[in-house]
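> structure here, sequence nowhere to be found:
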């Protein structure tokens, strides 16, 4: 009988540029600049793909096709 693996739950600790340590960055404003621009572009691309995939899986029945 195989022993089931317990799910891995990593603990993420955010060390900020000023040296402060946070468990979460919820509510923390990250400005858009040349350094963070690429990260924001990746997040937007991922969000768009997620929305497109969700729309394909669940077509909106309230929109009537003409």
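Received the coordinates, thanks. All values reported here derive from a predicted model rather than from experimental measurement.
> where does this structure have its least confident helix or strand?
The helix or strand of the chain with the poorest confidence is helix 37-57; it has a mean of 89 (mean pLDDT, DSSP states H and E).
> can you list the neighbours in contact with that helix?
residue 32 (Cβ atoms under 8 Å, 6 or more residues apart in numbering). No exception for glycine: its C-beta is placed from N, CA and C like everyone else's.
> rerun at 10 Å
30, 32, 33 (Cβ atoms under 10 Å, 6 or more residues apart in numbering).
> helices - which of the residues you listed land there?
The helices, defined by DSSP state H, take in nothing from the contacts of helix 37-57.
> now these as TSV including pLDDT and neighbour count?
Putting the contacts of helix 37-57 into TSV (pLDDT from 0 to 100; neighbours: other Cβ atoms under 10 Å) gives the following:
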residue	pLDDT	neighbour count
30	84	10
32	89	10
33	93	8
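> residue 4: which of the residues you listed is nearest?
Nearest to residue 4 among the contacts of helix 37-57, counting by Cβ to Cβ, is residue 30 at 38.4 Å.
> what's that closest one in contact with, if anything?
By Cβ under 10 Å, 6+ apart, the contact set of residue 30 is 36, 39, 40.
> which one of the residues you listed is nearest residue 8?
Distances from residue 8 to those, taken by Cβ to Cβ, are shortest for residue 39, at 24.0 Å.
> what's the burial count for the closest one?
11 (other Cβ atoms under 10 Å).
> do you know how far residue 45 is from residue 39?
11 Å (Cβ to Cβ, to the nearest Å).
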